[in-house]
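**Student:** structure for this input, please:
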Amino acid sequence: MTTLALRDRHLAGEITGDVTDVRRRDGAVWKIARQPVDNDLLDAEAAALRKLAGSRFDPYFPELRDSVTLRDPVTGADRRASVLAPLDGFVHLRDPVNGRGHDPRDVAWTLLHELDDLLERLYGPRRFRPFHLPAGTPRT
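**Tutor:** Modelled structure (predicted):
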């Protein structure tokens, strides 16, 4: 059990979401459940990140360094936290690459293929037809 300074809620770089608070601390990104009822969601995310580790999807997901339980010093409640390696090198899709922007159709199609591969890695082979570009669809 770790007691992180959960009372320091206004650290620079903190992001508050519906389910977690995210902070940079000690060269890592801490993703902390806002409520104990959401601990199972962080446990499930940590399990998925462990399953994906070492796959070709590594560049797209953060490295899970640790998964810990934190005790809130004020309430005594236990909350799950994921300690993640920071992600660097991402670009916004609107930013130009090699002097030109990304074609949204190519990005969407690539993401569909990546999602298909990711779901197969997590849940096993699908039992329905794979994605195919409809015949006669122009490719840019």
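**Student:** for residue 45, which non-adjacent residue is spatially closest?
**Tutor:** residue 82 (6.4 Å; C-beta to C-beta, 6 or more residues apart in numbering). Where you see a C-beta, it was placed from the backbone N, CA and C, and this is true even at glycine.
**Student:** name the element that neighbour belongs to?
**Tutor:** Following DSSP states H and E, one finds residue 82 within strand 78-84.
**Student:** determine the set of other helices and strands touching that strand.
**Tutor:** Other helices and strands packing on strand 78-84, by 3 or more C-beta pairs under 8 Å, 6 or more residues apart in numbering; DSSP states H and E, are strand 28-33, helix 39-52, strand 64-71.
**Student:** save those as a markdown table, and put in mean neighbour count, distance to residue 135 and mean pLDDT too.
**Tutor:** What follows is those, written out as a markdown table (neighbours: other C-beta atoms under 10 Å; distance: least, C-beta to C-beta, whole Å; pLDDT from 0 to 100):
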| stretch | mean neighbour count | distance to residue 135 | mean pLDDT |
| --- | --- | --- | --- |
| strand 28-33 | 21 | 44 | 93 |
| helix 39-52 | 15 | 33 | 93 |
| strand 64-71 | 16 | 42 | 95 |
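**Student:** those: which one's closest to residue 110?
**Tutor:** helix 39-52 (17.9 Å; C-beta to C-beta).
**Student:** circling back: for the residue nearest to residue 45, which residues are in contact?
**Tutor:** Applying C-beta atoms under 8 Å, 6 or more residues apart in numbering to residue 82 gives the contacts 30-31, 42, 45-46, 49, 64, 66-67.
**Student:** where's it relative to residue 104, distance?
**Tutor:** The spacing between residue 82 and residue 104, counted by C-beta to C-beta, to the nearest Å, is 31 Å.
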